[in-house]
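Trainee: Here's my sequence, what's the structure:
(chains A and B)
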Amino acid sequence: EDKVVQSPLSLVVHEGDTVTLNCSYEVTNFRSLLWYKQEKKAPTFLFMLTSSGIEKKSGRLSSILDKKELFSILNITATQTGDSAIYLCAVVAAGTASKLTFGTGTRLQVTL
Amino acid sequence: NAGVTQTPKFRVLKTGQSMTLLCAQDMNHEYMYWYRQDPGMGLRLIHYSVGEGTTAKGEVPDGYNVSRLKKQNFLLGLESAAPSQTSVYFCASSRHPLLTGGGEQYFGPGTRLTVT
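Mentor: Predicted structure coming up:
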C-alpha cells in the first residue's frame, strides 16, 4: 500500500524563523511529488518535483526531492504570519490506475 | 475566471437522505476529481473523471456516485447518507493526466457535510 508520511505533525515558530517540513514516501512506480498549502479552505499548489537534487524555489519557499532516500523537504525562510497553514505533501504513482496519495499534513503556526 | 466552484458550502443531512454536490470549473480542464478530507487522514480520492462522459472509482468510492455529463461539471451523489460520510468534500481539476503533470490540481473551496 502506498504511504506518504509527513513530519512534524504540527509546529509553532516565531515570525522570522526558518522552518523545514519533511515528507517521506513509500510508493510503487513513483512519478512525482507535490506540495500544497491549505489555509482555511482549498489546498493551493506550491511545487511539483520529479527529479532528485533539483531545488524548486518560489520566493521564501523552496523544496527538494531525494529519490534515493525517498523523501522531500519544504523550506520556508523568514516566516511570516501569512505562512500559517497546513502543508500537504502528495505523491503520484503509476500503475493500472495512476494514483495520487496525500499525507496528513503539517500544521504550521507562525506567531508574532 | 472563477476557477473551481462548489455548491453547497455547507449541508446537514439526516441518515438515509440523499443529496448531490455540484462542482464546476471554467478552465476547460479534462480531468476532475472528488476527494474527502477527514481529521487525521489525508485527502482521499472518491471518484474521478478523465473527460466528459467518463468516470472511474478512486480509493473510497462506496456510497457515492458521480456523473460528468458536461466537461465543466462533475457531480457527486450520496444516495443514502450515513454518519460515516460526515466530512469535508473537495472537488479538483487538472489540465493534464496524473502521470504527466496532473498532480498540479486546482481545488474548490469545499463542502462541509454533516450526517446526523
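Trainee: Quick check: pLDDT value at the nearest residue to residue A:93 once chain neighbours are set aside.
Mentor: Nearest residue to residue A:93 in three dimensions, chain neighbours excluded: residue A:27, at 4.2 Å (CB to CB, 6 or more residues apart in numbering or on different chains). From N, CA and C alone the C-beta is placed, and that goes for glycine too. Residue A:27 is assigned a predicted lDDT (pLDDT) of 90.
Trainee: Pull up the gap between residue A:27 and residue B:112, please.
Mentor: Here the distance between residue A:27 and residue B:112 works out to 30 Å (CB to CB, to the nearest Å).
Trainee: between these two, who's got more neighbours?
Mentor: residue A:27 (19 against 15; other CB atoms under 10 Å in any protein chain shown).
Trainee: wait, doesn't the more buried one sit right on residue A:2?
Mentor: Yes. At 4.2 Å, residue A:27 and residue A:2 qualify as touching, with contact defined as CB atoms under 8 Å.
Trainee: Quickly list what's touching both of these two.
Mentor: Counting by CB atoms under 8 Å, 6 or more residues apart in numbering or on different chains, the shared contacts of residue A:27 and residue A:2 are A:91, A:93, A:99, A:101.
Trainee: For the residues you listed, name the two members farthest from one another.
Mentor: Taking CB to CB as the measure, these reach their widest spread between A:91 and A:99, a distance of 8.3 Å.
Trainee: okay, and the common contacts of the two?
Mentor: When contacts are counted by CB under 8 Å, 6+ apart, residue A:91 and residue A:99 are jointly contacted by A:2, A:27.
Trainee: who has more neighbours, those two?
Mentor: Under the neighbour definition other CB under 10 Å, residue A:91 and residue A:99 were set side by side, and residue A:91 has more, 26 against 20.
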